[in-house]
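Chemist: 3D, please:
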Amino acid sequence: MNNVKLSQSTAKSFFVSDVIPSKIDELKIIFLLESPYIEEVKANCPLAGSSGKSVSKFLHQIDKNISHDLPFGIYIKNNDDNRFAVINALNYPMDINAYSLENQFKDFVYNPKHLDELRIKLPRNSIKNLSNEVLNTFSRSLLDLKKRLQSVLMIDQLIVPCGKVASSFWVHLQLEYLNEVICLPHPSRNQWSQKQYAVLMNEFKIKLNKLIMRE
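Modeler: Predicted coordinates for the structure are as follows:
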């Protein structure tokens, strides 16, 4: 595996900012993802790899202005499409395979080993089995995510957690908002086009048609 090389002098480069529109009042859809991976770290942009291409391909069916072959995070970043935001539950990779294990992670905000354990156990509802260190990581990351979401949330937006980890984060946030929420599979491995999710994805497509079609 071609891991992104990590050293203590480059740890900050693993932080990947959310993609937030310049005009929040025009924001309609907030995609909530788990965390960046190798391609996202390289591009400093969420949904910048194959998962991003899957999202673009799906949305292109509704709005032809969205490039079908450009990763969705890159599309939003380049075009400042104010209808969309992409927010990661964690701005650092949760999958430890994104890092080089030869390092000790001393200058990290979150220990990558703790993030990896959280990524694996959280969707299994195994919070009670987490170590104190990982529970502390989860609490801190929830507070950070809550702060980032509260800066953009408005009542008429659709929240779209993608994947089990992102959905678990959303449930544990317990935000007092009445936003409509639809939980989708993660767009990786072409899951959005799989037959088993066809009904759910068609429901999502109907909601998108109502929300994002350009006037």
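Chemist: Mind checking what secondary structure residue 32 has?
Modeler: Reducing the assignment to helix, strand or coil with DSSP: H, G, I helix; E, B strand; the rest coil, the entry for residue 32 is strand.
Chemist: make that residue 55, sorry
Modeler: Applying three-state DSSP: residue 55 is helix.
Chemist: Kindly provide the whole-number mean pLDDT of stretch 202-215.
Modeler: Along stretch 202-215, the predicted local confidence has a mean pLDDT of 84.
Chemist: State the number of residues packed around residue 109.
Modeler: 16 (other Cβ atoms under 10 Å). Heads up, the C-betas are built off the backbone N, CA and C, glycines and all.
Chemist: My guess is it contacts residue 92. True?
Modeler: Yes. Using Cβ atoms under 8 Å, residue 109 makes contact with residue 92 at a distance of 7.0 Å.
Chemist: looking at this, residue 153 is in a strand?
Modeler: No. Residue 153: not assigned to a strand; according to three-state DSSP it is coil.
Chemist: Spatially nearest residue to it (excluding sequence neighbours)?
Modeler: Across the structure, with Cβ to Cβ, 6 or more residues apart in numbering as the measure, the residue nearest residue 153 apart from its sequence neighbours is residue 177 (5.7 Å).
Chemist: Go ahead and confirm that neighbour touches residue 155.
Modeler: Yes. With contacts defined as Cβ under 8 Å, residue 177 counts as touching residue 155 at a distance of 6.9 Å.
Chemist: of the two, who's got more company?
Modeler: Applying other Cβ under 10 Å to residue 177 and residue 155 shows that residue 177 carries more neighbours, namely 13 against 8.
Chemist: Now do the same for the more buried one: its pLDDT.
Modeler: The score at residue 177 is 75. That number is its pLDDT.
Chemist: What are the buried residues along stretch 198-213?
Modeler: By neighbour count, with 16 or more other Cβ atoms under 10 Å as the criterion, the buried positions of stretch 198-213 are 201, 204, 208, 212.
Chemist: Touching the longest helix seen in the chain from outside, list them.
Modeler: The helix spanning the most residues in the chain, taking DSSP state H as the definition, is helix 132-150. Outside helix 132-150, the residues that touch it by Cβ atoms under 8 Å, 6 or more residues apart in numbering are 18, 30, 87, 89-91, 110-111, 114-115, 117-118, 121-122, 127, 130, 169, 172-173, 175.
Chemist: Run through the neighbouring helices and strands of the helix or strand that comes right after it.
Modeler: Later in the chain than helix 132-150, the nearest helix or strand by DSSP states H and E is strand 158-161. The criterion is 3 or more Cβ pairs under 8 Å, 6 or more residues apart in numbering; DSSP states H and E, and the helices and strands that strand 158-161 contacts are strand 29-33, helix 164-173, strand 180-181, helix 198-212.
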